[in-house]
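Participant: Here's a sequence, model it:
(2 chains)
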Protein chains: 2
Amino acid sequence: MVRVVRLALIGFGTVGRSLTKLVALKNKLIEEKYGVRLSIIAVADSGGAVVKEDGLTPYELLRLCELPRSAVSTFTPYGLPGAGVREIYSRVVPDIHVEATPSNYVDGEPGVSNVLYALESGAHVVSCNKAPFVLRFRDVMDSASRKGVKVRFKATVMAGTPLIDLLMSLKGYEIEGLEGILNGTTNFILTEMHENLVTYEEALKKAQLMGIAESNPDLDVKGWDPAAKLVIISNVLGMPMKLGDVVRDDLSRLDVREVFRAVKEGSVFKFIAALDLREGRASVKLTKVPRGNVFASITGTLNAVRIRTDVNEITIVGKGAGGSETAHSVLDDVITVAQEVGS
Amino acid sequence: MVRVVRLALIGFGTVGRSLTKLVALKNKLIEEKYGVRLSIIAVADSGGAVVKEDGLTPYELLRLCELPRSAVSTFTPYGLPGAGVREIYSRVVPDIHVEATPSNYVDGEPGVSNVLYALESGAHVVSCNKAPFVLRFRDVMDSASRKGVKVRFKATVMAGTPLIDLLMSLKGYEIEGLEGILNGTTNFILTEMHENLVTYEEALKKAQLMGIAESNPDLDVKGWDPAAKLVIISNVLGMPMKLGDVVRDDLSRLDVREVFRAVKEGSVFKFIAALDLREGRASVKLTKVPRGNVFASITGTLNAVRIRTDVNEITIVGKGAGGSETAHSVLDDVITVAQEVGS
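Facilitator: You can find the predicted model right below:
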């Protein structure tokens, strides 16, 4: 028996489009492998929404992906200019709400309101937007448990590398802490500085030209992004934490002469995010790592995290960003929820 | 509501004892965290069994662990000299059968018969014995699905490092293959040969003195153990494979002069297990790896595997053996099954 699971996709940037293509192209395969048929019934961006209650066809989905930014509401005959989550839900409540709007750590919007509204309406939620889980973790979880619905968000940390699944699978263990490289942009900048002995400014410029760093790189360079990931992980592991609790270094202060000295003595600087569950502390710090260390071999945009338990250490390495990787993780979560619930 | 889940533990060597201590000491914690109370109602070794239908107390479990090998049946008043799985099951069928007997790839016994008997009796099975999954994967899975019971075996691959969970969590991805270091003993021997430029025989002797290699090291050195793991992984990923299908090198043939040459040119030999799902091929081969490669930094008894999907690569690193690590993975599986079923 194939179960139909209706999705509303909120946010139609790189990840949203990548996910839409995946659903259009992999739907048959998913149906055969997991017994669920994913049906996208609504897509929203900052300009409005598209709603088709019996589900957009693969062809319609692929056509949607060719529209420019913020233009889904121009899609006739299903476009609704200016419509948002409330308008969509007034027409049809999806089985799963997929939140793919950008992470905003100032007030959390629009992610926080969207996710809470979806949960209160009785929809399950899958999100790659970090903000609701960084700023309002407890509220989101309480709302979900009150409504008896599921929330999944593995794409918020390390994108396509399933760190959160891994942490959740360690049931017999006591996790004491973890540390690693949780931001690809800053690791790319550091790799450039060490391999080519260029200044921070030169390395940043190259990262920006390659589309790896934003024009305003503060979220990465000042450690907000890895700190946000630590907050999510800490909450997942049962230790409430706020973004302001994470001590952060500023990568832009690193002088290339220090890099030169480190290289001479056989070590490298890494921007290490660390969470100590015993002490209740978290930090993102420029740390000197000896050449033989696993983290020293993590170059470019790669991420890596070492988990410490009462019994052993486990390290996971993979790309921590990317539209396609993130979309696949969202799809993983959607399939997991769909298998558990269906309709 | 706490649910009581009754366990029969078959095999009482290093892993069995380690698991028994864990259940005795962590039971309260598990109950609070996961809502299940684990009750060991039977323990068997090669000399007989202990059966107590309302569950052994933590104190009794710890006393059992102090008995010498093959002596559980001397435990009064619950000991049953000579009793095996059938005698246990004639008295009481457990909720979960834990198979912790040694892996035997010649005829698979006693693991294969025990596991199939447990499944046919309607018990769920958790195993760290590889043989049933290497030699009779299809039969085991068919029996489980016919009886509507669960089978879990994540400890069979990489012990405490949850590679199988990781593979199963990649639902949106197409896994194309994987490669890595799946045997700690041979990696220790290779590390010795490279770091101290000693011969294979000298490195093996050191490994044996340290309890890392068996007195007959063939299972590791001739690649049977990593090959068995590849067979399990391949079957988990839907590609049936037999142990004889895996091409294997013999590590004992490696001349220290070749090691010397490799080191001089900046590379190291690793015993790389590889599975190619597209070509349907598997091998365990001595492979030269450049120094900068992640696998080159995996020294001693560490294991590491890189998974290749249609979207990305994920590497997981951790200890691949050890009684405590294996016992924790078995406990993880037991908790997972217990949460899904209970009584």
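Participant: Please count neighbours and contacts with C-alpha atoms only from this point.
Facilitator: Fine.
Participant: isn't there a strand covering residue A:284?
Facilitator: Yes: counting by DSSP: H, G, I helix; E, B strand; the rest coil, residue A:284 falls inside a strand.
Participant: residues touching it, list them.
Facilitator: Listed by CA atoms under 8 Å, 6 or more residues apart in numbering or on different chains, the contact set of residue A:284 reads A:223, A:226-227, A:246-249, A:271-274.
Participant: So which of these sit within helices?
Facilitator: A:226-227 (DSSP state H).
Participant: The contacts of residue A:284: which ones sit near chain B?
Facilitator: Counting by CA under 8 Å from any CA of the partner chain, nothing from the contacts of residue A:284 sits close to chain B.
Participant: now the contacts of residue A:284 as a markdown table including neighbour count, distance to residue A:176 and pLDDT?
Facilitator: Formatted as a markdown table, the contacts of residue A:284 follow (neighbours: other CA atoms under 10 Å in any protein chain shown; distance: CA to CA, whole Å; pLDDT from 0 to 100):
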| residue | neighbour count | distance to residue A:176 | pLDDT |
| --- | --- | --- | --- |
| A:223 | 26 | 22 | 97 |
| A:226 | 29 | 19 | 98 |
| A:227 | 29 | 18 | 98 |
| A:246 | 22 | 17 | 98 |
| A:247 | 16 | 19 | 98 |
| A:248 | 21 | 21 | 98 |
| A:249 | 19 | 23 | 98 |
| A:271 | 26 | 20 | 98 |
| A:272 | 26 | 17 | 98 |
| A:273 | 26 | 15 | 98 |
| A:274 | 25 | 11 | 98 |
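Participant: Just the closest of the contacts of residue A:284 to residue A:206, please.
Facilitator: residue A:271 (18.3 Å; CA to CA).
Participant: Could you look up the SS state of residue A:98?
Facilitator: Classified using three-state DSSP, residue A:98 is strand.
Participant: Residue A:9 is in contact with that one, correct?
Facilitator: Yes: look at residue A:98 against residue A:9 with CA atoms under 8 Å: they come within range, at 4.8 Å.
Participant: Who has more neighbours out of the two?
Facilitator: Comparing residue A:98 with residue A:9 by other CA atoms under 10 Å in any protein chain shown, the one with more neighbours is residue A:98, at 31 against 28.
Participant: Show the pLDDT at that one.
Facilitator: Listed pLDDT for residue A:98 reads 98.
Participant: What is the burial count for residue A:27?
Facilitator: Neighbours of residue A:27 (other CA under 10 Å): 17.
Participant: Same check on residue A:10?
Facilitator: 25.
Participant: Now for it: which residues touch it?
Facilitator: Applying CA under 8 Å, 6+ apart, the residues contacting residue A:10 are A:16, A:43-45, A:85, A:97-101.
Participant: one more time with 7 Å
Facilitator: A:43-45, A:98-101 (CA atoms under 7 Å, 6 or more residues apart in numbering or on different chains).
Participant: Low-confidence ranges, the stretch 201-343 of chain A, go.
Facilitator: A:342-343 (pLDDT under 70).
Participant: What's the separation between the closest residue to residue A:319 other than its chain neighbours and residue A:206?
Facilitator: Leaving aside its sequence neighbours, residue A:319 sits nearest to residue A:302 (CA to CA, 6 or more residues apart in numbering or on different chains; 4.7 Å). Separation of residue A:302 from residue A:206 (CA to CA, to the nearest Å): 17 Å.
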